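**Student:** structure for this input, please:
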Amino acid sequence: MFASNRNHIDMLLFLVVITLMFMSLGIVYSASVFWSQVKYGESERMLLSHALKVFLGLVAMFIGIKLDYHKAQRFTKLALLLAIGLLAVTLVMGGEAKGASRWLRYGSMGIQPSEFAKYALLFHLAALIAVKGELVRDFKHGFVPIIIWIALVTMLVMIQPNFSMGAMIFGLGLLMLFIGHAKLTHILVLFAVVVPLLALYMWSAQYRQVRMMDFFQGHHGSGLHNYQLQQGIYGFANGGIFGVGPGESKQRDLFLPESYGDFVFSIVGEEYGFLGTMFVMLMFLIFVLRGFKIAQHAEDAFGRYVAIAITCAISLYALVNAGVTLGILPTTGLPMPFVSYGGSSMVFSAFAVGVLLNISSRTDLHPRVTQLPVLGEIDADEMNVGKVY
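**Tutor:** As a prediction, this is how the structure comes out:
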């Protein structure tokens with residue numbers, strides 16, 4: 001007789017994320033080697049920094065796996081309040097980079113609170129929707145309280161300024177409301193009101209105007225962002241089907257600005273070719289399929305909504321990043337999850353995946369099989385005890 005214990009994580013999902021994280025070591029090293037030499041005088045410094053971030057990401061993932069997500073539900077509001085506090089502090093005391101205050105730094109260490117705020121908001125929205133149930137359809141008592149949280153986080157991120165991150169957070173918030181069965185009319189009215197405001201805010205900064213003009217009109221050489229896109233596309237063209245080989249990128253040699261960050265996918269395309277980019281996207285496709293499968297079999301509403309939120313957040317970031325590097329979408333500052341150079345994205349996304357794996361371990365998808373004796377079944381040796389021959 002066999003008994004099943006629900007304590008296996010989804011190994012395929014785990015292997016996909018681990019593969020991306022370890023692949024990133026080689027990709028980031030190749031993409032950053034010249035920039036690291038120019039900035040720090042050490043070709044391997046950025047690799048060592050990224051390796052530390054991968055290690056911290058692995059630690060965060062295993063913490064998420066061990067954490068009982070049911071217990072975490074009680075602390076989602078506290079985590080979100082902490083995230084909002086950190087966003088507020090960042091506006092006053094944050095380190096400035098490229099004209100934006102997005103980082104809190106202590107010595108050589110830094111954290112981007114918006115990455116933490118993104119997941120804190122999604123987790124709390126999952127908790128609210130799970131608890132409210134059908135009350136989400138009530139405008140005053142269900143819809144509005146949730147919108148207040150979404151609006152607060154979105155505005156604090158926007159005024160850093162970080163338009164692309166703020167827009168993604170707002171979009172993910174609306175997606176959670178849709179999945180949580182909020183009234184479609186409420187969502188559409190909110191969308192109709194907010195989108196024009198976001199468009200006005202986006203157009204208020206000249207550099208964002210340049211990005212959009214470059215995207216829609218294709219002004220070659222009209223700005224740095226268009227230049228970066230052109231160099232990224234050259235990388236894909238150089239790679240062809242099979243790529244030029246690991247470490248053989250030409251675009252990384254000061255042609256493609258910060259090739260290890262938002263445009264690291266271009267280096268993948270150049271060095272590993274079309275097949276390499278398809279392999280990376282296949283990893284994310286498997287991630288999406290497994291994530292939704294886990295959500296479908298989650299044992300409670302909170303687990304289901306959290307699983308959907310994590311799956312959508314990571315997969316949409318990957319899709320947008322790939323679209324940007326290919327020129328399909330306007331240039332943004334969103335990283336490729338688990339691949340781009342960046343500690344905050346790596347650690348918080350890895351922790352979120354750990355929670356997703358924790359949810360998977362409490363489903364019927366991956367039962368651990370153990371052999372137990374059947375009641376009344378007696379071993380043959382025991383039957384012979386006391387028998388006289």
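
**Student:** could I get the CA-only coordinates of the host helix or strand of Tyr119 as CSV?
**Tutor:** Element membership for Tyr119 (DSSP states H and E) is helix 113-132. Taking C-alpha atoms only, helix 113-132 is exported to CSV below (Å, rounded to 0.1, in the frame of the first residue of the first chain):
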residue,chain,number,x,y,z
PRO,A,113,12.9,49.6,-3.1
SER,A,114,10.6,49.5,-6.1
GLU,A,115,11.4,45.9,-6.7
PHE,A,116,10.5,45.0,-3.2
ALA,A,117,7.4,47.2,-3.4
LYS,A,118,6.2,45.4,-6.6
TYR,A,119,6.1,42.0,-4.9
ALA,A,120,4.8,43.4,-1.6
LEU,A,121,1.9,45.0,-3.4
LEU,A,122,1.1,41.9,-5.4
PHE,A,123,1.2,39.7,-2.3
HIS,A,124,-1.1,42.1,-0.4
LEU,A,125,-3.5,42.3,-3.3
ALA,A,126,-3.6,38.5,-3.4
ALA,A,127,-4.5,38.5,0.3
LEU,A,128,-7.1,41.2,0.0
ILE,A,129,-8.8,39.6,-3.0
ALA,A,130,-8.7,36.2,-1.3
VAL,A,131,-10.3,37.6,1.9
LYS,A,132,-12.9,39.9,0.2
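
**Student:** following that helix, which helix or strand comes up?
**Tutor:** helix 144-158.

**Student:** buried set for that following helix?
**Tutor:** Ile146, Ile147, Trp149, Ile150, Leu152, Val153, Thr154, Leu156, Val157, Met158 (16 or more other C-beta atoms under 10 Å). In this view, the C-beta of every residue, glycine as well, is placed from N, C-alpha and C.

**Student:** returning to what we had before: ok, and for the helix holding Tyr119, which residues are buried?
**Tutor:** So helix 113-132, judged by 16+ other C-beta under 10 Å, has buried residues 113-130, 132.

**Student:** for it, name the packing helices and strands.
**Tutor:** Using 3 or more C-beta pairs under 8 Å, 6 or more residues apart in numbering; DSSP states H and E, the elements in contact with helix 113-132 are helix 76-93, strand 100-106, helix 144-158, helix 163-179, helix 301-325, helix 343-360.

**Student:** go again using 6 Å as the cut-off
**Tutor:** Applying 3 or more C-beta pairs under 6 Å, 6 or more residues apart in numbering; DSSP states H and E, we find helix 113-132 packed against helix 76-93, helix 144-158, helix 163-179, helix 301-325, helix 343-360.

**Student:** hmm, who's touching the shortest one?
**Tutor:** Okay, so that is helix 144-158. Under the contact criterion C-beta atoms under 6 Å, 6 or more residues apart in numbering, helix 144-158 has outside partners Leu87, Ser114, Ala117, Leu121, Leu128, Met165, Gly166, Ile169, Phe170, Gly173.

**Student:** check the offset of that helix from the chain's centre.
**Tutor:** Distance, stretch centre to chain centre, for helix 144-158: 19 Å (C-alpha atoms, centre = their mean, to the nearest Å).

**Student:** now it: average pLDDT?
**Tutor:** What helix 144-158 shows for mean pLDDT is 95.

**Student:** and the angle for that helix with strand 100-106?
**Tutor:** Interaxial angle, helix 144-158 versus strand 100-106 (axes from the mean of the first three to the mean of the last three C-alpha atoms, to 10 degrees): 80 degrees.

**Student:** again, but for the first one
**Tutor:** Orientation of helix 76-93 against strand 100-106 (the same axes, to 10 degrees) gives an angle of 100 degrees.
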